[in-house]
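Enquirer: Any chance you could fold what I've pasted below:
(2 chains)
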Amino acid sequence: MEISFYDTLSAQKIEFKPREPGKVYMYVCGLTPSNYPHVGHARTAVIFDLIRRIFEKNGYRVFYYSNFTDIDDKIIQRSLDENITTVEVVKKYSEAYLEAMDQLHIKPLEKWARVTENIPEIIEMVSKLIENGYAYESEGDVYYRVKKFSTYGKLSKRSIKEMLIGARIAPGEKKEDQLDFALWKAAKPNEPSWDSPWGKGRPGWHIECSAMSLKFLGNHFDIHGGAQDLIFPHHENEIAQAEAYTGISPFSKYWIHTGWVTLNREKMSKSIGNVFLISEALKVVSPNVLRFFFIETLYSSPLEYNLDQLHQASRAFERIVISIQRLEEAIAKAESGQKNEKMLNGFKKLHDSFHQALAQNFNTPQGIAVLMNAIRELNKLLDTGNQSLEDLQSIKAYFSDWFDTLGLVNVAETELSKEEWDLSSEMKVIASKHQIELSENQSVADMIQAFIQKRDEYRQNKQYFESDEIRNDLYALKIQLEDKKDGTEYRIIP
RNA sequence: GGCGACAUAGCCAAGUGGUAAGGCAAGGGUCUGCAAAAUCCUCAUGCGUCGGUUCGAAUCCGACUGUCGCCUCCA
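Expert: Numbers count the residues shown, from 1 in each chain, chains lettered A, B, ... in the order given. Below you'll find the predicted structure:
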């Protein structure tokens, strides 16, 4: 299937053409691990994971690289604040980030490139830029000569002239020009540093991504990504560095930028301080729901984060979960039989629409609309009953494929985790209230069955006050009883 | 000050020239002892405002209003 998306560099929707057939080389800017990751980081990570999955579903092998900028002013500042080494700062926060990636079902990357492991490549690049006149040394610092790079501004759509007019940048004493930016910074006392032709120092921001993406992906790779706030100056500078270094344009063929997460309509940002951590969000909703919340909106639009929106996503996702649970139950009971070609054909069409939607600028909202329509069809089908095992399994395969594409895992999981099952003590309290005998080593599932049995007795005797009381008590423990034709079932409220 | 993005129902949100997807919330019917779930029905002659182009515009053009962002660190 042809995949197209909005490319920041050409400022239009383009059809993706890989550098090598069947392969996608993608570099997405990671972060500077100087703090715990917030919901904005999660969104960007989920979106690029999704993009990767979409390419994979379309038969591409994706080489996905990202980075930790593990030496930088902020890391140094943090190490002073916390009175630990810069290495410890990086370890602490990069591990927290990687753990969050794992929780959010981000598929493993090809590599997390680190600045401190690629210093020789960076020095080589800076040296070459000085040689060919794109950079100059000044008192131990090295700066990029922006005016020398004639196409500077092509990504962010601004001109050098405009920037000089609107600039608020104070001219640095060591710079030739106020637009120039640092490639190498001379070390101050007690700062981590590396030897270089310009004395002890460390790389500036920007240079590491040019050096590492060229090193690991080669020149003219397919996709360079990141959030919108990286367009300028970070990505603009990366282009200037890389293209001046290689002499070949474009450095990356396509550029994809994600919208940011807002809080009260303002950008969630460390500097403003209006930040919700991923860990905080995951206390409120499951990773599946958080992912679902992100992909309900197109990746490039701003996304307002609040509990009400999270709740809406949660409700919608719950509908999906319930239907898939019903499907699993139906499969368990179904018998082999005739194929309903017409019905399966309907699902095949939904399948095509789903992938078509995602291939069009990764349009997940439209994909979810298709998914919801499929859920409605599934519910109707399950209401009529007696579907053959083969049919139900075919339908399940479609849903599994869609969930896999969206990175939603174990959607039909009904078993409670160990922590959630730590309900037995509370359940015993309710049990004694209703004169139900529970034994010590009974599973919670068995306990619930005991409640259901007792409630059935009440209902038989039309003691509805008592039966409703049991239902309400269990509901308070997030166990919801549902009376169906062939008996009472329960489900756990997510 | 310079540049840019966005504005779709009570809320969220797709839709870039052919007559408004989907979700949440709400109301009604079926089912149920009652619920819940499910299902069916209802819910924008309308897409910030005013003009223009067109046989036809939420979609293109212009002006205006509003919100946000970038120009300094940011996912």
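Enquirer: three-state assignment of residue A:105?
Expert: Classification of residue A:105 by DSSP: H, G, I helix; E, B strand; the rest coil places it in coil.
Enquirer: Am I right that it is in contact with residue A:50?
Expert: No: the criterion here is Cβ atoms under 8 Å, and residue A:105 misses it with residue A:50 at 10.2 Å. Backbone N, C-alpha and C define where each C-beta goes, glycine included.
Enquirer: Contacts only, for residue A:398.
Expert: Counting by Cβ atoms under 8 Å, 6 or more residues apart in numbering, residue A:398 makes contact with A:347-348, A:350-351, A:374.
Enquirer: show me where pLDDT drops low in the stretch 51-200 of chain A?
Expert: For the stretch 51-200 of chain A, applying pLDDT under 70 flags the ranges A:165-172.
Enquirer: how about 80 then?
Expert: A:162-173 (pLDDT under 80).
Enquirer: which residue sits closest to the residue in the stretch 1-150 of chain A positioned nearest to RNA strand B, ignoring its sequence neighbours?
Expert: Sorted by distance to RNA strand B under Cβ to the nearest atom of the strand, the residues of the stretch 1-150 of chain A start with residue A:40, at 2.5 Å. Once flanking residues are discounted, residue A:40 sits nearest to residue A:261: 4.3 Å by Cβ to Cβ, 6 or more residues apart in numbering.
Enquirer: check which helix or strand covers residue A:431.
Expert: According to DSSP states H and E, residue A:431 maps onto helix A:424-433.
Enquirer: is any part of stretch A:302-315 close to RNA strand B?
Expert: Yes: Stretch A:302-315 reaches RNA strand B (Cβ under 7 Å from any atom of the strand) through A:302-304, A:308-309, A:311-313, A:315.
Enquirer: how about JSON lines for those residues, with distance to residue A:208, pLDDT and secondary structure added?
Expert: Output for these, formatted as JSON lines (distance: Cβ to Cβ, whole Å; pLDDT from 0 to 100; DSSP: H, G, I helix; E, B strand; the rest coil):
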{"residue": "A:302", "distance to residue A:208": "28", "pLDDT": "92", "secondary structure": "coil"}
{"residue": "A:303", "distance to residue A:208": "28", "pLDDT": "94", "secondary structure": "strand"}
{"residue": "A:304", "distance to residue A:208": "32", "pLDDT": "94", "secondary structure": "strand"}
{"residue": "A:308", "distance to residue A:208": "40", "pLDDT": "89", "secondary structure": "helix"}
{"residue": "A:309", "distance to residue A:208": "35", "pLDDT": "91", "secondary structure": "helix"}
{"residue": "A:311", "distance to residue A:208": "40", "pLDDT": "89", "secondary structure": "helix"}
{"residue": "A:312", "distance to residue A:208": "40", "pLDDT": "91", "secondary structure": "helix"}
{"residue": "A:313", "distance to residue A:208": "36", "pLDDT": "93", "secondary structure": "helix"}
{"residue": "A:315", "distance to residue A:208": "43", "pLDDT": "90", "secondary structure": "helix"}
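Enquirer: Just the buried ones among those residues, please.
Expert: Buried members of these, scored by 16 or more other Cβ atoms under 10 Å, are A:303, A:313.
Enquirer: SS state for the closest residue in space to residue A:38 that isn't next to it in sequence?
Expert: Spatial nearest neighbour of residue A:38, chain neighbours left out: residue A:275 (4.5 Å); criterion: Cβ to Cβ, 6+ apart. Using three-state DSSP, the structure places residue A:275 in coil.
Enquirer: Just the element for residue A:257, please.
Expert: Assigned by DSSP H and E, residue A:257 belongs to strand A:252-258.
Enquirer: partners of that strand, with directions?
Expert: Note on strand A:252-258: by DSSP bridges, its sheet partners are strand A:221-227 (parallel).
Enquirer: How about the residue in chain A that sits furthest from its center?
Expert: Residue farthest from the centre of chain A, counting by Cα atoms, centre = their mean, is residue A:461 at 52.8 Å.
Enquirer: Please give me every residue in contact with the residue nearest to residue A:249 when sequence neighbours are not counted.
Expert: Once flanking residues are discounted, residue A:249 sits nearest to residue A:243: 4.9 Å by Cβ to Cβ, 6+ apart. With contact taken as Cβ under 8 Å, 6+ apart, residue A:243 is in contact with A:149, A:151, A:249-251.
Enquirer: Same check on residue A:248?
Expert: Counted by Cβ under 8 Å, 6+ apart, residue A:248 has contacts A:219-220.
Enquirer: hmm, try it at 6 Å
Expert: residue A:219 (Cβ atoms under 6 Å, 6 or more residues apart in numbering).
Enquirer: rewinding a little: torsion angles phi and psi at the residue nearest to residue A:40?
Expert: Dihedral pair for residue A:261: phi -90, psi 140, per degrees, to the nearest 10.
Enquirer: what are the bridge partners for it, then?
Expert: Beta-bridge partners, per DSSP bridges, of residue A:261: residue A:303.
Enquirer: That one against residue A:43, yeah?
Expert: Yes: if you go by Cβ atoms under 6 Å, residue A:261 and residue A:43 touch, sitting 5.3 Å apart.
Enquirer: Contacts for the strand holding residue A:257, please.
Expert: Residues outside strand A:252-258 that contact it (Cβ under 6 Å, 6+ apart) are A:7-9, A:44, A:47, A:221-225, A:227-228, A:231, A:299.
Enquirer: picking that back up, if any of the contacts of residue A:398 are buried, put those into a PyMOL selection.
Expert: Filtering those down to the buried ones (16+ other Cβ under 10 Å) takes a single PyMOL command:
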select buried, chain A and resi 347+350+351+374
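Enquirer: Closest one to RNA strand B out of the contacts of residue A:398, please.
Expert: residue A:374 (10.2 Å).
Enquirer: can you give me how far the helix holding residue A:431 is from the chain middle?
Expert: Its chain's C-alpha centre and that of helix A:424-433 lie 40 Å apart, by Cα atoms, centre = their mean, to the nearest Å.
Enquirer: Stretch A:137-153 too?
Expert: Relative to the centre of its chain, stretch A:137-153 is centred 35 Å away, using Cα atoms, centre = their mean.
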